[in-house]
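Enquirer: with the sequence up front, the predicted model follows.
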Amino acid sequence: MLTPVDPTTTPAWTRLTELHSTLDPDLRTWFAEDPGRAERFSFELGDLFVDLSKNYLTDEVRAALAELAEAVDVPGRRDAMYAGEHINVTEDRAVLHTALRRPATDSLVVDGQDVIADVHATLAKVYSFADRVRSGQWTGVTGKRIETVVNIGIGGSDLGPVMVYEALKPYVQDGMSCRFISNIDPADCAEKVADLDPETTLFIIASKTFTTLETLTNARMARDWFLAALAERGIEAEGAVAKHFVAVSTALDKVAEFGIDPDNAFGFWSWVGGRYSVDSAVGTVLAVAIGPENFADFLAGFHVVDEHFATRAPAENVPMLMGLLNVWYVNFYKAESHAVLPYAQDLHRFAAYLQQLTMESNGKSVRWDGSPVTTETGEIFWGEPGTNGQHAFYQLIHQGTRLIPADFIAAATPAHPTKDGGVDVHELFLSNYLAQTAALAFGKTAQEVRAEGTPEAIVPARVFTGNKPTTSILAPALTPSVVGQLIALYEHITFTQGIVWGIDSFDQWGVELGKKLALEIAPAVQGDAEALAAQDASTRGLITRYRQLRG
Ligand code: F6P
């Protein structure tokens, strides 16, 4: 096994340490004294314009970060990932989400199998199914066309599909809508199916392993609801499940055990991590909703960014630079969190999606060889769409004591162009996007506050120190390709950080203990005295109180 390089032992780290102790970030002065700064630190990435100039970035910092990437071999590990080497060491797996979006003309043989051919064979099956549902050729048991598609999954089998569905709402076929059930809280399933018509509803059970308790429980509850709703209408159940339930999984044998016809199951492979799977058959719900052509554009968007990431040197490589900047903030400025603030209502689930991508990937304390990490690792990702966030938590970003680097994402062309009293509402919205990063970077001095006639006693409260780092991302519009580009950008940012820290960003052992304990605790919750006695005092007390409350 290749030993990870300890980043703290590299000359680049020493250089960054020196730079950190001598650099006094002063964005006002940096911009005033360097008219070329904005242009020099702005980049084109596919359709995305990425402005890094309001970061703690200088030419020296950029060079040292690029040197760090070389020293820990980010380019080499990236190439190994693209080539299908087993870089997911703890699970002994290849990590090949980039293969999911390569053109059919490519070929990549991994472990004796041409994975690109497999990907396109599955895509063809997904697209054919999507076409049949969209055209009305695929009907429910009573011959009616499908109007609602319900995706049942959790984690990577839910967050990607729901985020992209919301982001691409304007592309959804008229007369069709999708819902997403994920939580094992029975309220989720009950509320999502309550007003559905069983004759026009199709369920997609998405689970990589097809063993996930939440998903299988929800799938059974949905099937029970469906059969009961048919019975209520006096409709014969024979053959109905096959017409209303399909599956997405790597475990096709388990799909069959559940009672779903393997012909109606779409496969993927162990080399696709759950949180990297929206571009696999896990996106079947999306292919149905937005259509195969738009889904193909979505994949093409990922590929544009993959190509950039694969071929650019670190100092010119946008995802790599953004990942390295995150390392700069986390390890040198001790930033504990990172905000992602889309100025696009349709991206309202983007931060939730990124939380799994980044935090399940990089929330680790040991390196891929089992040794302890030598630095802080994954920061907390969070966010809400602007302008809602402005009226909630921006106060803390502007005037709090913590450093919170933030990414601002906007699209130039709105999905719903609207005027209010002659004013383009989208332009009002984008003015906020622009104003916030300017305010965060340049702040407001005491002198400026006084000049407005502010009483001296409240001058300090109205001062903005500025120097809050932000990245601005501007896309032409929220198209399927752009959404693919955004996802790929953050996937590669996450990868870069993971390699610098020497961690396996593709396993998730941290979620296992809770899953196992929940199964062990369940009998105690259900009244088993022996199981109750085996619990710690706090858990025992909570279970006892719970059982009293339930009478
Ligand atoms: O949360 C742990 C996890 O394994 C995720 O990585 C995964 O996306 C999710 O559970 C769902 O797993 P599955 O798709 O196998 O149901």
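Expert: Great, that's in hand.
Enquirer: how about the residues of the stretch 101-250 of the chain by the ligand?
Expert: Residues of the stretch 101-250 of the chain found near the ligand (C-beta under 6 Å from any ligand atom) are 154, 155, 156, 157, 207, 208, 209, 212, 215. C-beta here means a position set from N, CA and C on the backbone, and glycine is covered the same way.
Enquirer: filter the residues you listed to the buried ones?
Expert: 154, 155, 156, 157, 207, 208, 212, 215 (16 or more other C-beta atoms under 10 Å).
Enquirer: just send those back as CSV, with distance to residue 268 too.
Expert: Shown next, in CSV, are those (distance: C-beta to C-beta, whole Å):
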residue, distance to residue 268
154, 16
155, 15
156, 11
157, 10
207, 11
208, 7
212, 15
215, 15
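Enquirer: helices - which of these land there?
Expert: In this view, those that belong to helices under DSSP state H are residue 215.
Enquirer: next, format the buried ones among the residues of the stretch 101-250 of the chain next to the ligand as a markdown table and append distance to residue 356 and pLDDT.
Expert: What follows is those, written out as a markdown table (distance: C-beta to C-beta, whole Å; pLDDT from 0 to 100):
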| residue | distance to residue 356 | pLDDT |
| --- | --- | --- |
| 154 | 10 | 98 |
| 155 | 6 | 97 |
| 156 | 6 | 97 |
| 157 | 11 | 97 |
| 207 | 15 | 95 |
| 208 | 13 | 92 |
| 212 | 14 | 93 |
| 215 | 15 | 96 |
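Enquirer: so where is the stretch 301-450 of the chain shaky, pLDDT-wise?
Expert: For the stretch 301-450 of the chain, applying pLDDT under 70 flags no range at all.
Enquirer: nearest to the ligand: which residue in it?
Expert: Residue nearest to the ligand within the stretch 301-450 of the chain: residue 360 (5.8 Å; C-beta to the nearest ligand atom).
Enquirer: ok, that residue touching residue 354?
Expert: No - at 10.5 Å, residue 360 and residue 354 do not qualify as touching, with contact defined as C-beta atoms under 8 Å.
Enquirer: between the two, who's got more neighbours?
Expert: More neighbours surround residue 354 than the other of residue 360 and residue 354, with 25 against 22 (other C-beta atoms under 10 Å).
Enquirer: that one touches residue 381, doesn't it?
Expert: Yes - using C-beta under 8 Å, residue 354 is in contact with residue 381, at 5.0 Å.
Enquirer: thinking again about what came up before, show me what contacts the residue of the stretch 301-450 of the chain closest to the ligand?
Expert: Neighbouring residues of residue 360 by C-beta atoms under 8 Å, 6 or more residues apart in numbering: 155, 275, 508, 510, 511.
Enquirer: for those residues, which one is nearest residue 1?
Expert: residue 508 (19.5 Å; C-beta to C-beta).
Enquirer: name the residues contacting each of residue 354 and residue 381.
Expert: Joint contacts of residue 354 and residue 381 (C-beta under 8 Å, 6+ apart) are residue 340.
Enquirer: turn the residues of the stretch 101-250 of the chain next to the ligand into TSV, including distance to residue 451.
Expert: Converted to TSV, these look like this (distance: C-beta to C-beta, whole Å):
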residue	distance to residue 451
154	54
155	52
156	53
157	56
207	61
208	60
209	63
212	60
215	60
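Enquirer: and the residue of the stretch 251-400 of the chain closest to the ligand?
Expert: For the stretch 251-400 of the chain, C-beta to the nearest ligand atom, closest residue to the ligand: residue 274, 2.5 Å.
Enquirer: next one: the stretch 1-150 of the chain
Expert: Per C-beta to the nearest ligand atom, residue 91 is where the stretch 1-150 of the chain lies closest to the ligand, at 11.0 Å.
Enquirer: got the contact list for the nearest residue to the residue of the stretch 251-400 of the chain closest to the ligand once chain neighbours are set aside?
Expert: Distances taken as C-beta to C-beta, 6 or more residues apart in numbering place residue 156 nearest to residue 274, at 2.9 Å, with adjacent residues excluded. For residue 156, the contact set (C-beta under 8 Å, 6+ apart) comprises 208, 273, 274, 275, 276, 277, 278, 282, 356.
Enquirer: just residue 384 next, same as before
Expert: Counting by C-beta under 8 Å, 6+ apart, residue 384 has contacts 341, 348, 351, 392, 393.
Enquirer: about what we covered before: buried only: go through the contacts of residue 360 for me.
Expert: 155, 275, 508.
Enquirer: right, and the helix or strand after the helix or strand containing residue 490?
Expert: Using DSSP states H and E, the element containing residue 490 is helix 480-501. For helix 480-501, the following helix or strand on the C-terminal side (DSSP H and E) is helix 512-525.
Enquirer: that next one vs the ligand: in contact?
Expert: No - using C-beta under 6 Å from any ligand atom, helix 512-525 never reaches the ligand; the gap is at least 7.8 Å.
Enquirer: chain center to that helix: distance?
Expert: Between the centre of helix 512-525 and the centre of its host chain there is 27 Å, according to C-alpha atoms, centre = their mean, to the nearest Å.
Enquirer: now do it: which elements does it pack against?
Expert: Secondary-structure packing of helix 512-525 (3 or more C-beta pairs under 8 Å, 6 or more residues apart in numbering; DSSP states H and E): helix 213-232, helix 529-533, helix 537-549.
Enquirer: just the ones you listed: most buried one?
Expert: helix 213-232 (a mean of 18; mean count of other C-beta atoms under 10 Å).
Enquirer: contacts for that helix, please.
Expert: Identification of contacts with helix 213-232 by C-beta under 8 Å, 6+ apart yields 141, 150, 152-154, 157, 181-184, 186, 188-190, 193, 196, 198-199, 201, 203, 205-207, 210, 236-237, 240-241, 244-245, 258-259, 515, 518-519.
Enquirer: now with 7 Å, please.
Expert: If you take C-beta atoms under 7 Å, 6 or more residues apart in numbering as the criterion, helix 213-232 is touched by 150, 152-154, 157, 181-184, 186, 189, 193, 198, 203, 205, 207, 237, 240-241, 244-245, 258.
Enquirer: can you say which of these are buried?
Expert: Members of the contacts of helix 213-232 that pass the buried threshold by neighbour count (16+ other C-beta under 10 Å) are listed as 150, 152-154, 157, 181-182, 184, 189, 193, 198, 203, 205, 207, 240-241, 244-245, 258.
Enquirer: quick one: the helices in the stretch 251-400 of the chain?
Expert: Applying DSSP state H, counting those that start in this stretch to the stretch 251-400 of the chain gives helices spanning 252-258, 284-290, 292-311, 318-327, 350-354, 361-362, 394-399.
Enquirer: tabulate the ones you listed (TSV), appending distance to residue 429.
Expert: Formatted as TSV, the helices of the stretch 251-400 of the chain follow (distance: least, C-beta to C-beta, whole Å):
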stretch	distance to residue 429
helix 252-258	44
helix 284-290	24
helix 292-311	23
helix 318-327	24
helix 350-354	16
helix 361-362	31
helix 394-399	15
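Enquirer: residue 525 and residue 550: what is the separation?
Expert: Using C-beta to C-beta, to the nearest Å, we find residue 525 at a distance of 10 Å from residue 550.
Enquirer: which of the two has more neighbours?
Expert: With neighbours defined as other C-beta under 10 Å, residue 525 and residue 550 compare such that residue 525 has more, 17 against 7.
Enquirer: re earlier: need the contacts of residue 156 in a markdown table (columns: distance to residue 313).
Expert: Shown next, in a markdown table, are the contacts of residue 156 (distance: C-beta to C-beta, whole Å):
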| residue | distance to residue 313 |
| --- | --- |
| 208 | 35 |
| 273 | 27 |
| 274 | 32 |
| 275 | 28 |
| 276 | 25 |
| 277 | 30 |
| 278 | 29 |
| 282 | 33 |
| 356 | 30 |
